[in-house]
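S.K.: give the three-dimensional model of this entry:
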Amino acid sequence: MFRRARMLSGRAICLSDQFPMSKVEEVMSGRVTFAGLPPVDLGADVDWSTNPHGNRSWALNLHTLRWVGRLVAEYERSGESAYLRRAAHLAEHWTRENLRGGRGVSPWAWAEHAIALRAPVLVCLSEHVRTRWLWDGLAEHGELLADPALYREGHNHGLDQDVALLVVGCRLGRARWRDLAVRRMTASAELAIDEQGVLHEQAPRYGLYVHRRLGVALRAIRESGAEPPQRLVARRAALEAYIAHATQPDGYLVPIGDSPANVRADGFPHEGPVVRVFDAGYVFGRTTWDDPGSAHYSIRFGPGRALHGHEDHLGVTYGAQGRRILVEAGFHSYERTAYVDWTRTPQAHNVPVVPGAFRPGTPTRLLSSALGSSRQCFELSDDAYGVTRTRRVLVNHSPDLLAVHDSVPAGTVRSLWHVDPGLTLVSQDDGAVVLGDGDWRVTLLLFPARGRALLPGTISLGYQRTAETITVESPEAPDVLTVIVPGTADPEVSISGSLMTVRTPGGPVTIRRPGR
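M.R.: Down below sits the predicted model:
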């Protein structure tokens, strides 16, 4: 049993701009829209067990009450008391109908993340409503947030728990909760974010989320009358380089791991080197900053899959001349479907696949890198299929060209290339696949060419949004070389011994063919 709260209060730290921008008049009429799904009419008295879309994210959003928090924020902005009355009614009704451990209560009602996101709503409401049910509700939420058995250390949920515990502790005058929240969020940040700024959740979108939520946390600490620990400030600042490098020239994050393809990352400093190797498992490179026509690429390596990561090691994404070319399946949703499961597999990424059983969670080593101003080379390796698979990547700028060589010491390997759905097939012959967007062309050359296949594919454009695309599958061979030449449908190729020269509209590029 939780300890009842005293009807005495400390400061209400209400950062109401953190609540989603719901359509207030719709919420007043009982209509809500969550997770980009069609609106739902909840009615005056909500059935809190409902989940009309059968969607996990929708159910979580219902029980966070953040949409109710928007009513409180609108009351504070406009002074319209009807908004406050409706917010108080919904919060009280939720409290009465969702007794912890009660029969028929949705499992989402007391999920740890729902608790963390709901508690700040109750704090904001408590600034204007002083009733026993609300004070006791805050105390119950605080005790659960402080419970070490429920705490998600080093996780974005844990950060939300810390923010919530801090504001509840301040409101109820429990300094030990506030102090615990600050200690935990500092230790968690140092666990979750390395010194280079990489979030260990293995998805750039979560780096963006944690950066934003740490901003909320720092504001809450200051409003509590304390000074944020410099260690916490430093880890938030470190995230900015990771996010900036993971942002493509069109302003959207690379859809690596559970990162939707339609998430923008604006406002981060674009400075420093244009190529960055992050030890936690990322290479990000571009031709130049702040040019929509810049090339951009990513390569994955490092520790095995964890948290929001995918089995994408050795995976490459690539775009040039204002177009995305190589993309990956990306993030679709948190639903438990065959397609969502597939998006996390190697086959959903631009990787070399070896016949045999795949070993999930295998780490990948970056063996070498050479970072020239107009040309970068990388060599990576792992044994995810029980045999050493090696990928060598060459990226050339001015002219743009990407070459990838995959090999195994015994047996065969095949390379998978998922192309952007904006590209359509123009032509194919024994040596080349030409894709186009309007008058623009890009050519994929595969060596060997015999046995190559063009397969239908599906990638995610955003939350529960998909598009049909083309997957180019190389033949199975001991080694496969793929050369991608943007901006032309007919690059000339000449071979002399171990050297291959590709003549592009911007000039020739010479490639050394490993192992030949």
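S.K.: need the contact list for the residue nearest to P303 when sequence neighbours are not counted.
M.R.: Nearest residue to P303 in three dimensions, chain neighbours excluded: P363, at 5.2 Å (Cβ to Cβ, 6 or more residues apart in numbering). Heads up, the C-betas are built off the backbone N, CA and C, glycines and all. P363 makes contact with 302-304, 313, 382, according to Cβ atoms under 8 Å, 6 or more residues apart in numbering.
S.K.: local confidence estimate at F2?
M.R.: F2 carries a pLDDT value of 48.
S.K.: angles on the backbone of L159, please.
M.R.: Phi and psi for L159, reported as degrees, to the nearest 10, are phi -60, psi -40.
S.K.: distance of it from I115?
M.R.: Using Cβ to Cβ, to the nearest Å, one gets 14 Å for the distance from L159 to I115.
S.K.: identify the contacts common to these two.
M.R.: Going by Cβ under 8 Å, 6+ apart, no residue sits against L159 while also sitting against I115.
S.K.: picking up where we left off before, most surrounded residue in the contacts of P363?
M.R.: With neighbours taken as other Cβ atoms under 10 Å, the top of the contacts of P363 is H313, carrying 27 neighbours.
S.K.: quick check, that residue in contact with D382.
M.R.: Yes. H313 lies in contact with D382 (Cβ atoms under 8 Å); the separation is 6.2 Å.
S.K.: flag the shaky bits of this protein, pLDDT-wise.
M.R.: Scanning the chain for pLDDT under 70 picks out 1-8, 514-516.
S.K.: all helices for it, in order.
M.R.: In the chain, the helices defined using DSSP state H lie at 24-28, 56-64, 66-78, 81-97, 112-126, 132-146, 156-172, 175-192, 204-223, 230-245, 338-343.
S.K.: could you point out which of the ones you listed sits nearest S460?
M.R.: With respect to S460, and counting by Cβ to Cβ, the nearest of the helices of the chain is helix 338-343 at 6.6 Å.
S.K.: now that closest one, how far from the centre of its chain.
M.R.: How far helix 338-343 lies from its chain's middle: 16 Å, per Cα atoms, centre = their mean, to the nearest Å.
S.K.: H270 versus G251, what's the distance?
M.R.: Distance, G251 to H270, using Cβ to Cβ: 11 Å.
S.K.: again with L99
M.R.: L99 sits 51 Å away from H270, going by Cβ to Cβ.
S.K.: repeat for S427
M.R.: Going from S427 to H270 by Cβ to Cβ gives 37 Å.
S.K.: ok, M21 next?
M.R.: Distance of M21 to H270, computed by Cβ to Cβ: 27 Å.
S.K.: which of those two has more neighbours?
M.R.: Higher neighbour count among M21 and H270: H270, with 12 against 8, using other Cβ under 10 Å.
S.K.: contacts only, for the residue lying closest to that one once chain neighbours are set aside.
M.R.: In space, and not counting its chain neighbours, H270 is closest to W289: 4.2 Å by Cβ to Cβ, 6+ apart. For W289, the contacting residues are 270-271, 274, by Cβ under 8 Å, 6+ apart.
S.K.: how about stretch 324-341: buried residues?
M.R.: 324-333, 340 (16 or more other Cβ atoms under 10 Å).
S.K.: a markdown table for those, including distance to T390?
M.R.: Converted to a markdown table, the buried residues of stretch 324-341 look like this (distance: Cβ to Cβ, whole Å):
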| residue | distance to T390 |
| --- | --- |
| R324 | 26 |
| I325 | 23 |
| L326 | 19 |
| V327 | 23 |
| E328 | 20 |
| A329 | 24 |
| G330 | 26 |
| F331 | 28 |
| H332 | 31 |
| S333 | 34 |
| V340 | 30 |
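S.K.: among the residues you listed, name the ones in strands.
M.R.: 324-326 (DSSP state E).
S.K.: next, format those as JSON lines and append distance to R103.
M.R.: Shown next, in JSON lines, are those (distance: Cβ to Cβ, whole Å):
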{"residue": "R324", "distance to R103": "51"}
{"residue": "I325", "distance to R103": "55"}
{"residue": "L326", "distance to R103": "52"}
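S.K.: which of the residues you listed sits closest to W67?
M.R.: When these are ranked by distance to W67 (Cβ to Cβ), R324 comes first, at 34.0 Å.
S.K.: which non-adjacent residue is nearest the closest one?
M.R.: R324 sits nearest to D420 (Cβ to Cβ, 6+ apart), 4.2 Å away.
S.K.: what about that neighbour, neighbour count?
M.R.: Per other Cβ under 10 Å, the neighbour tally for D420 reads 21.
S.K.: would you agree it is in contact with A320?
M.R.: No. Counting by Cβ under 8 Å, D420 sits too far from A320 to count as a contact (11.4 Å).
S.K.: that older thread, who touches both of H313 and D382?
M.R.: By Cβ under 8 Å, 6+ apart, the residues touching both H313 and D382 are 301, 362-364.
S.K.: quick check on the residues you listed: which are buried?
M.R.: Among these, those buried by neighbour count (16+ other Cβ under 10 Å) are 301, 362, 364.
S.K.: tell me the contacts of the first one?
M.R.: Right, the one you point to is F301. With contact taken as Cβ under 8 Å, 6+ apart, F301 is in contact with 281-283, 313-314, 364-366, 380, 382.
S.K.: before we move on, what about the second one?
M.R.: When contacts are counted by Cβ under 8 Å, 6+ apart, T362 touches 304, 313, 382-384.
S.K.: which one of these sits closest to L401?
M.R.: H313 (23.6 Å).
S.K.: buried ones among the contacts of F301?
M.R.: 281-283, 313-314, 364, 366, 380, 382.
S.K.: looking at the residues you listed, which are in strands?
M.R.: Taking DSSP E as the definition of strands, those contribute 282-283, 366, 380, 382.
S.K.: turn the residues you listed into a markdown table, columns for distance to P475.
M.R.: Shown next, in a markdown table, are those (distance: Cβ to Cβ, whole Å):
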| residue | distance to P475 |
| --- | --- |
| Y282 | 30 |
| V283 | 27 |
| L366 | 27 |
| L380 | 22 |
| D382 | 22 |
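S.K.: list just the nearest of the residues you listed to R452.
M.R.: Nearest to R452 among those, with distances taken as Cβ to Cβ, is L380, at 23.3 Å.
S.K.: how close does the closest one get to A241?
M.R.: The spacing between L380 and A241, counted by Cβ to Cβ, is 22 Å.
S.K.: what sits closest to H157 if chain neighbours are left out?
M.R.: H113 (4.8 Å).
S.K.: can you pull the contacts of that neighbour?
M.R.: Neighbour list for H113: 60, 64, 157, 160 [criterion: Cβ under 8 Å, 6+ apart].
S.K.: most surrounded residue in the residues you listed?
M.R.: D160 (27 neighbours).
S.K.: hang on, that residue packs against A119?
M.R.: No. Using Cβ under 8 Å, D160 and A119 do not qualify as a contacting pair, with a distance of 9.2 Å.
S.K.: is it true that G451 touches E476?
M.R.: Yes. Shown here, G451 and E476 form a contact pair, counting by Cβ under 8 Å, at 6.8 Å.
S.K.: the two: who's more crowded?
M.R.: E476 (16 against 12).
S.K.: and the gap between that one and D430?
M.R.: E476 is 17 Å from D430, by Cβ to Cβ.
S.K.: now the strands for the stretch 351-500 of the chain?
M.R.: Along the stretch 351-500 of the chain, counting by DSSP state E, counting those that start in this stretch, strands occupy 352-353, 365-371, 375-382, 389-396, 401-407, 414-418, 424-428, 432-437, 440-447, 453-462, 465-473, 479-486, 492-496, 499-504.
S.K.: what lines up beside the fourth one in the sheet?
M.R.: Put plainly, it is strand 389-396. The strands beside strand 389-396 in its sheet (DSSP bridges) come out as strand 375-382 (antiparallel), strand 401-407 (antiparallel).
S.K.: repeat that for the longest one.
M.R.: The sheet places strand 453-462 alongside strand 465-473 (antiparallel), with pairing taken from DSSP bridges.
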